[in-house]
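1. Predicted model, plus sequence, below.
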Amino acid sequence: MFDRRLLKNFDYQLLLIMLVLCCYGLLVIGSATQGANISDPFLFLRKQAVWIALGMVAIFVIISIDYVNFYRWCWYIYAGNLVFLSAVLFVGREGGGAYRWLDLKVFDFQPSELAKVIIIITLARLLVDYEDKLKSFFISFSFLLYVAVPMALIFLQPDLGTSLVFIIIFFGMLFIAGVPWKNLLIFLCSGLALFPFLWTRLLPYQKMRLIVFLNPELDPLNFGYQLKQSMIAIGSGGVTGKGLFEGTQARLQFIPAQHTDFIFSVLGEELGFLGAVVLFLLYLFLIYRILKIGSFSKDSFGAFICTGIAAMIIFQILVNVGMTLSIMPVTGLPLPFMSYGGNSMLVNMLSVGIVINVGMRRHKIQF
């Protein structure tokens, strides 16, 4: 049963920052979809609002469970994660050349999104269990194998972007835990050595994304089109932007996936440099609160979880914004709390809920 005294440690600042980001995202989604060729111009806006409401429910459910229980349930959670990721390869719904969703009738469930949080929680347990043996190369290597199994299943869907998130989570958490940098360097070099093999496993459209990233002019009307239109939109926004609902690139639908993966392009065009600065400041405050809660955690398990969640969010921000500016290849990673999408929104909000959970239980309850 939930003890109301825990609310004394509830981090309202973190929750408020997250909600402001969600509302900011709703504003830009509403603008990005106004010119869409759909009968209901507010369809995406309403759907996203519903996902945010469900996310709030998920937060209050997750904070009612002591996060220490996640430590106990880790292996069941990890096994269930592998079952769902494997099921996608056999009975998953196809979309955009990939099999990433399970049709649950009510909505399409994307296991790879939830898998990011699951790997953070379960890897945190391993780091705690072997905290006094982290200098051992073989222990570190066993952690790599542990993460590699679900990552490989995601890579086969194929979902290169989420696979990269797993790599960042792995290196970020092991670095903070105190794993020798030499071990991490060996893992990194080994991964780079595998690149020729991994290249042969990529689908043609994935290879073209990487090739066009290096030279957009190779295919300006197809794979390079998205990047060129994105840069035109952001560049034309200037300092203050053209104003909400006034962006020509967005209104004329020149930017593919402008309400999902390329929502930052719409923000840059319509709200300009100042609008982007506001977004980055919100993200900065969000990450600061997450890391601060982690630093005050009552145990290493909570601290490692907060570190992993911070690494996950930071990497997704950098990659998403980077691809809209053509300084990163297109990977399909959404912009946290901004891009339209139910699975990513729920998982990101759930992650914040877990961090709040850690913060609420940083002290023993005083009777």
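-> On my side now, so go ahead.
2. Where does F245 sit: helix, strand or coil?
-> coil (DSSP: H, G, I helix; E, B strand; the rest coil).
3. W181 is in contact with K135, correct?
-> No - proximity of K135 to W181 does not meet the contact threshold set by Cβ atoms under 8 Å, at 11.2 Å. Bear in mind the C-beta positions are built from the backbone N, C-alpha and C, glycine included.
4. How about the contacts made by L144?
-> 170, 187 (Cβ atoms under 8 Å, 6 or more residues apart in numbering).
5. What is the subsequent helix or strand relative to the host helix or strand of it?
-> Element membership for L144 (DSSP states H and E) is helix 137-155. Using DSSP H and E, the helix or strand that follows helix 137-155 towards the C-terminus is helix 160-177.
6. In CSV, could you pull the C-alpha coordinates for the next helix or strand after that following helix?
-> Once the chain leaves helix 160-177, the next helix or strand it forms, by DSSP H and E, is helix 181-193. The C-alpha coordinates for helix 181-193 follow below in CSV (Å, rounded to 0.1, in the frame of the first residue of the first chain):
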residue,chain,number,x,y,z
TRP,A,181,38.3,2.7,-19.5
LYS,A,182,40.7,0.2,-21.1
ASN,A,183,38.0,-2.4,-21.1
LEU,A,184,35.5,0.0,-22.6
LEU,A,185,38.1,1.0,-25.3
ILE,A,186,38.6,-2.7,-26.2
PHE,A,187,34.8,-3.1,-26.5
LEU,A,188,34.6,0.0,-28.7
CYS,A,189,37.5,-1.1,-31.0
SER,A,190,36.0,-4.6,-31.3
GLY,A,191,32.6,-3.1,-32.3
LEU,A,192,34.3,-0.9,-34.9
ALA,A,193,36.1,-4.0,-36.3
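7. Identify the residues contacting F254.
-> Neighbours of F254 in contact, by Cβ under 8 Å, 6+ apart: 229, 232-233, 248.
8. let's go with 7 Å and repeat that
-> F254 is in contact with Q229, counting by Cβ atoms under 7 Å, 6 or more residues apart in numbering.
9. isn't there a strand covering it?
-> No - using three-state DSSP, the assignment for F254 is coil, not a strand.
10. Quick check: phi and psi on it?
-> phi -80, psi -20 (degrees, to the nearest 10).
11. For it, give its distance to L218.
-> Distance, F254 to L218, using Cβ to Cβ, to the nearest Å: 20 Å.
12. likewise V68?
-> According to Cβ to Cβ, V68 stands 53 Å off from L218.
13. Sketch out the low-pLDDT regions of the chain for me.
-> 1-2, 35-37, 96-97, 364-367 (pLDDT under 70).
14. all strands for it, in order.
-> Applying DSSP state E to the chain gives strands spanning 93-95, 98-103, 108-109.
15. Quick one: the ones you listed as TSV, columns for mean neighbour count and distance to L188 too.
-> As requested, the strands of the chain are exported to TSV (neighbours: other Cβ atoms under 10 Å; distance: least, Cβ to Cβ, whole Å):
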stretch	mean neighbour count	distance to L188
strand 93-95	11	32
strand 98-103	18	27
strand 108-109	18	33
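16. For the protein, which segments count as helices?
-> With DSSP state H, the ranges of helices along the chain come out as 12-32, 43-62, 68-91, 111-129, 137-155, 160-177, 181-193, 195-201, 204-214, 225-237, 248-251, 263-295, 300-324, 342-360.
17. Kindly reformat those helices as a markdown table containing distance to P334.
-> Shown next, in a markdown table, are those (distance: least, Cβ to Cβ, whole Å):
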| stretch | distance to P334 |
| --- | --- |
| helix 12-32 | 10 |
| helix 43-62 | 12 |
| helix 68-91 | 18 |
| helix 111-129 | 9 |
| helix 137-155 | 15 |
| helix 160-177 | 9 |
| helix 181-193 | 24 |
| helix 195-201 | 23 |
| helix 204-214 | 16 |
| helix 225-237 | 15 |
| helix 248-251 | 17 |
| helix 263-295 | 8 |
| helix 300-324 | 7 |
| helix 342-360 | 5 |
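18. Of the ones you listed, which is nearest K105?
-> K105 lies closest to helix 68-91 among these, at 13.2 Å (Cβ to Cβ).
19. Convert that closest one to PDB, retaining C-alpha atoms only.
-> Extracted in PDB, the C-alpha atoms of helix 68-91 (Å, rounded to 0.1, in the frame of the first residue of the first chain):
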ATOM      1  CA  VAL A  68      13.700  -2.000  -5.100                       C
ATOM      2  CA  ASN A  69      11.200  -4.600  -6.300                       C
ATOM      3  CA  PHE A  70      12.500  -4.100  -9.800                       C
ATOM      4  CA  TYR A  71      15.800  -5.500  -8.500                       C
ATOM      5  CA  ARG A  72      14.000  -8.600  -7.400                       C
ATOM      6  CA  TRP A  73      12.000  -9.000 -10.600                       C
ATOM      7  CA  CYS A  74      14.900  -8.300 -13.000                       C
ATOM      8  CA  TRP A  75      15.300 -11.700 -14.500                       C
ATOM      9  CA  TYR A  76      11.600 -12.200 -15.100                       C
ATOM     10  CA  ILE A  77      11.500  -8.700 -16.800                       C
ATOM     11  CA  TYR A  78      14.600  -9.500 -18.900                       C
ATOM     12  CA  ALA A  79      13.100 -12.900 -20.000                       C
ATOM     13  CA  GLY A  80       9.800 -11.300 -20.900                       C
ATOM     14  CA  ASN A  81      11.600  -8.600 -22.900                       C
ATOM     15  CA  LEU A  82      13.300 -11.300 -25.000                       C
ATOM     16  CA  VAL A  83      10.000 -13.100 -25.600                       C
ATOM     17  CA  PHE A  84       8.400  -9.900 -26.900                       C
ATOM     18  CA  LEU A  85      11.400  -8.900 -29.000                       C
ATOM     19  CA  SER A  86      11.500 -12.500 -30.500                       C
ATOM     20  CA  ALA A  87       7.800 -12.400 -31.200                       C
ATOM     21  CA  VAL A  88       8.200  -9.300 -33.300                       C
ATOM     22  CA  LEU A  89      10.400 -11.200 -35.700                       C
ATOM     23  CA  PHE A  90       7.700 -13.800 -36.300                       C
ATOM     24  CA  VAL A  91       4.300 -12.200 -35.900                       C
END
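20. Okay then, goodbye and thanks.
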